[in-house]
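# quick one, structure for this:
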Amino acid sequence: MLDVAAALLAVAVIQGACLLAAAALRRDVRLVLIAVTFLTPLLVSLWLPVDQGRVAYAAAAVVGLPALLIADHRAGATVRATLGPVARTPFAPFAVLYAAAASFGLVYGMARGNDVVQVVGQTWTAALFLVGFCWFAPRLRELATPRFWVWFALAVAVLSLPGLADLAISLAQNPDVFDRVLAKTDFYAFVCLLLAVGLVAPRKPALGWALAGFFAVVTLVTFTRSYWLGAAVGCMVLAVAAVHVRPKLPSGRTAALGASVLAILVAAVAVSPIGGFAVDRVTQTHRGSGDTSVDLRGLELNAAVRQVRETPFAGIGSGGEFWSAHATSSSATAYGRVNFVHNAYVYFPLKFGVLGLAAVVALLVGLAQCGWAALRPGSAATLADRTWVAVFGAVLAASVTAPNLVDPLYSLFCGAVAGVAGLAVARPAPAGAPARVGTPARVEGEPAWA
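Prediction:
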């Protein structure tokens, strides 16, 4: 618990320093507060195990959200100006249904006698998503510039270095023993890969493609197939977006240099142990292939679907458990009661019954509407707008077996991405409505990341 307290204290000090800087310099540091809140899982993962990291992140969010509320108040932002735009996005029905399902899951879970810690934790996860969607997304849409995302990606890159260093040492000492970067940087790596390609590269090609190459390597060496799938889906959406938008192409010299670096990178991976490990991970994607994680998740999915059929209307409530095979360590398995399923789309009807199923349907309908609005011929969406659609589509693709959508470490970021993607393609505000999201009544200063 001392480690958790230290993590919380460190984040509280950073948040407090941001507020003091805002008061002293009269600058808007809301983006700094948002970035620190997003990056807290990476900060605490450097010295805390996963379970303690989740506790520390929850506590840090409790500290960080009031800090952002104070900064919002100083900037003159209003609730109406914040919620009005996100209410017109394609994902607003999903947010409403998720809120209703989580509220029902909380009450029903307590009534069923489910574990209180798990009930509160899974309700908190839903609350974080909704905060990201309703609050963080309008702020990011209003304030965040490409420079902010460059700094965000650089911060993720720096926090990724310890894991990469450990992997390099491990492979150098035991090149035939499988190892991977398995930290909280995994999720942000493939997200930053897409942001580098869609937001940074069109403006600063050298920096953008350098960041993309770095995060492609990090995504690869996580050996997390869900994130590989997410990155592939996101890149395909970006490719379609590029065909429609037709951004300015790099010069011949820049293109040749980029192609050379890519060729060297691919060759280095191919001849290293990483290449062989990657091939093994790709080929072992079906049950019975020898990969324990694939077999266990298949059994878990079957057990969860069976439970959904047994309790189709009300589900099992937040914190509810069902019987399934699960891993007790990296090499041992057992059969017993579990309260989580790695498929985010099964998670909703499993926990919340009919309300959860309705939420999933609303999510998929919203994604279809968002994708059509962004990628249809003649769409007015910019490449930056379409990048956010690609990022959220990638997150949803990865959530088939790596449910970041309902993971307390990432649900806040997922909610924010859903909101930003929706705002990028939302229908215009009614006549007479504010032209900008959350335009302050009084200006305290320029954004610190502008």
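
# burial count for residue 191?
Residues near residue 191, counting by other Cβ atoms under 10 Å, number 29. Glycine gets a C-beta too; all of them are placed from N, C-alpha and C.

# same question but for residue 174, I mixed them up
Residue 174 has 11 neighbours, counted by other Cβ under 10 Å.

# so in this structure, which helix runs the longest?
helix 344-375 (DSSP state H).

# in it, which residues are buried?
Neighbour counts over helix 344-375 (16 or more other Cβ atoms under 10 Å) mark 344-353, 355-360, 362-363, 366-367, 369-371, 373-375 as buried.

# next: stretch 89-108.
For stretch 89-108, by 16+ other Cβ under 10 Å, it's 89-95, 97-99, 101-102, 104-106, 108.

# in a strand, residue 380, correct?
No - if the criterion is DSSP: H, G, I helix; E, B strand; the rest coil, then residue 380 is coil and not within a strand.

# give me the phi and psi for it.
phi -90, psi 0 (degrees, to the nearest 10).

# kindly report the same for residue 322.
phi -140, psi 160.

# what's the answer for residue 336, then?
Here residue 336 shows phi and psi, under degrees, to the nearest 10, equal to phi -170, psi -160.

# mind listing what it touches?
323, 324, 326 (Cβ atoms under 8 Å, 6 or more residues apart in numbering).

# tell me the confidence at the first one?
We note a pLDDT of 84 for residue 323 in this prediction.

# can you confirm it is in a helix?
No - Residue 323 sits outside any helix when classified using three-state DSSP, being strand.

# if I look at it, how far off is residue 336?
Residue 323 sits 7 Å away from residue 336, going by Cβ to Cβ, to the nearest Å.

# the last one too?
The gap separating residue 326 from residue 336 is 7 Å, by Cβ to Cβ.

# again, but for residue 31
To residue 336, residue 31 is 44 Å away according to Cβ to Cβ.

# does residue 420 touch residue 142 like I think?
No - taking contacts as Cβ atoms under 8 Å, residue 420 lies outside contact range of residue 142: 10.4 Å.

# compute the number of surrounding residues for residue 117.
Residue 117 is flanked by 9 other residues according to other Cβ under 10 Å.

# who has more neighbours, residue 420 and residue 142?
residue 420 (27 against 21).

# rounded mean pLDDT for the helix or strand hosting that one, please.
Secondary structure assignment for residue 420, by DSSP states H and E: helix 411-425. Helix 411-425 comes out with an average pLDDT of 92.

# which strands and helices sit next to it?
Applying 3 or more Cβ pairs under 8 Å, 6 or more residues apart in numbering; DSSP states H and E, one finds that helix 411-425 contacts helix 30-45, helix 79-86, helix 92-111, helix 116-131, helix 137-143, helix 185-195, helix 344-375, helix 383-398.

# how much does that helix deviate in direction from helix 383-398?
Going by axes from the mean of the first three to the mean of the last three Cα atoms, to 10 degrees, helix 411-425 is angled at 140 degrees with respect to helix 383-398.

# and what about residue 243, helix, strand or coil?
helix.

# counting neighbours, what do you get for it?
Burial measure for residue 243: 9 neighbouring residues, criterion other Cβ under 10 Å.

# residue ranges with poor pLDDT in the stretch 201-350 of the chain?
Counting by pLDDT under 70, the ranges of the stretch 201-350 of the chain that qualify are 245-259, 261-262, 266, 268-292, 328-332.

# quick one: the helices in it?
Applying DSSP state H, counting those that start in this stretch to the stretch 201-350 of the chain gives helices spanning 205-221, 225-245, 252-271, 273-283, 292-310, 344-375.

# out of those helices, flag the one nearest residue 113.
In terms of Cβ to Cβ, the element of the helices of the stretch 201-350 of the chain nearest to residue 113 is helix 344-375, at 15.3 Å.

# name the helices or strands packed onto the closest one?
With contacts defined as 3+ Cβ pairs under 8 Å, 6+ apart, helix 344-375 has these neighbours: helix 92-111, helix 225-245, helix 292-310, helix 383-398, helix 411-425.

# distance of the residue lying closest to residue 377 once chain neighbours are set aside from residue 172?
Nearest non-adjacent residue to residue 377, counting by Cβ to Cβ, 6 or more residues apart in numbering: residue 244, 7.3 Å away. With distances taken as Cβ to Cβ, residue 244 is found 45 Å from residue 172.

# so those two - more neighbours on which side?
Using other Cβ under 10 Å as the criterion, residue 244 and residue 172 rank with residue 244 on top: 15 against 9.

# got a list of what the more buried one touches?
The contact partners of residue 244, by Cβ under 8 Å, 6+ apart, come to 375, 377, 379, 386.

# what two of those are the furthest from one another?
It's 377 and 386 that sit farthest apart of the contacts of residue 244, by Cβ to Cβ, at 13.2 Å.

# can I get the helices and strands packed on helix 344-375 in CSV with distance to residue 36?
Shown next, in CSV, are the helices and strands packed on helix 344-375 (distance: least, Cβ to Cβ, whole Å):
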stretch, distance to residue 36
helix 92-111, 24
helix 225-245, 23
helix 292-310, 32
helix 383-398, 20
helix 411-425, 12
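
# do you know which of those helices lies nearest residue 190?
That would be, of these and by Cβ to Cβ, helix 225-245, which comes in at 4.2 Å.

# which parts of the closest one are buried?
In helix 225-245, counting by 16+ other Cβ under 10 Å, buried: 225-231, 233-235, 237-238, 241-242, 245.

# then stretch 410-423?
Neighbour counts over stretch 410-423 (16+ other Cβ under 10 Å) mark 410-423 as buried.

# CA-only coordinates of that stretch in CSV, if you can.
Coordinates of each C-alpha in stretch 410-423 appear next as CSV, following Å, rounded to 0.1, in the frame of the first residue of the first chain:
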residue,chain,number,x,y,z
TYR,A,410,-8.2,2.7,-20.3
SER,A,411,-12.0,3.3,-20.3
LEU,A,412,-11.4,7.0,-19.7
PHE,A,413,-9.3,7.3,-22.8
CYS,A,414,-11.7,5.1,-24.8
GLY,A,415,-14.6,7.4,-23.8
ALA,A,416,-12.6,10.4,-24.8
VAL,A,417,-11.7,8.9,-28.2
ALA,A,418,-15.4,7.9,-28.8
GLY,A,419,-16.4,11.5,-28.1
VAL,A,420,-13.7,13.1,-30.3
ALA,A,421,-14.5,10.7,-33.2
GLY,A,422,-18.2,11.5,-32.8
LEU,A,423,-17.6,15.3,-32.6
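
# show residues contacting it.
Contacts for stretch 410-423 (Cβ under 8 Å, 6+ apart): 34, 37-38, 41, 61, 85-86, 89-92, 94-95, 125-126, 128-134, 136-138, 140-141, 187, 191, 366, 370, 388-389, 391-392, 395, 404-405, 437.

# sorry, back to before: for residue 65, which of the helices and strands packed on helix 344-375 is the nearest?
helix 411-425 (9.3 Å).

# run the angle between the closest one and helix 344-375 for me.
Going by the same axes, to 10 degrees, helix 411-425 makes 30 degrees with helix 344-375.
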